[in-house]
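> kindly generate the corresponding structure for this input.
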Amino acid sequence: MTNGEFLKGKYWKREEFREAVARSAKREAGKIPPKPQEQINLYLQRLYKGLTGKELRKELTRKGLPERFRRFIIHRIKKEYFFNPQEIKEDELNNLLKNILLGNFAEQRGYTLEQLKDTQIREEVIKQWEQETGQKFATYQIPEKEKEKIIKQVIKDQQKSLNYWFTYFLSPEAENYPLEFRYWAFVEMLKCGSYDEKRRTFN
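Residues are numbered from 1 along each chain as shown. Below you'll find the model as predicted:
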């Protein structure tokens, strides 16, 4: 169970969090309790019920509601956090995709993305890339088909990572963690890159 104190300290200054909590608390209890901790507790209970289908009130037990609610949450997360090329200027998008391309190239040659942050290693990888492709990395323009392929892969990786975390945090294995902690961990996870299973680290 939760007392709301932890999340109050983490997110109460954020207006969107306070608004979401107030809406859920009112729907769950019929009114908004005066204490933020009580509101947060009701918010988490409602969120958990919506995602798992457990302990739903009678008027919310329509067949399939938890799955629809889960899809709604995933849709909201995609909209806010997923890579969206339409929101990025063309030059910035090209540079971003080139860095992803270089990262993939480096990993195929045994480098980690962490190593690629080192200037000398990056220059060496770029040199190898230029030798193998016959192109200058600084002026390289990624062909449209390759752009589409990279973008699809990035979104696919994000989806896979999101599903992994959803499944884990709602599984019996995670039930020993307080609901507040699971909420916090999930929100903070959204700030990470995709999970690399081989290296067991986030990109």
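
> buried stuff in whichever helix in the chain runs longest?
Counting by DSSP state H, the longest helix found in the chain is helix 144-169. For helix 144-169, burial by neighbour count (16 or more other CB atoms under 10 Å) applies to 147, 150-151, 154, 157-158, 161-162, 165-166, 169. The way it works is simple: take the backbone N, C-alpha and C, and place the C-beta from them, glycine included.

> could I get those in CSV, plus columns for pLDDT and distance to L116?
Shown next, in CSV, are those (pLDDT from 0 to 100; distance: CB to CB, whole Å):
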residue, pLDDT, distance to L116
K147, 89, 21
I150, 89, 16
I151, 88, 20
V154, 84, 17
D157, 83, 17
Q158, 81, 20
S161, 79, 20
L162, 80, 25
W165, 80, 25
F166, 76, 30
F169, 80, 31
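
> now, which of those sits nearest K49?
Distance to K49, by CB to CB, is smallest for F169 among these, at 14.5 Å.

> the closest one contacts F186, correct?
Yes: counting by CB atoms under 8 Å, F186 is a contact partner of F169 at 5.7 Å.

> which stretches in the chain count as helices?
5-11, 15-29, 36-52, 65-81, 90-108, 119-133, 144-169, 179-189.

> how far out from the middle of the chain is the third one?
Distance of helix 36-52 from the chain centroid (CA atoms, centre = their mean, to the nearest Å) equals 20 Å.

> kindly report the same for the last one.
Relative to its parent chain, helix 179-189 has a centroid offset of 11 Å by CA atoms, centre = their mean.
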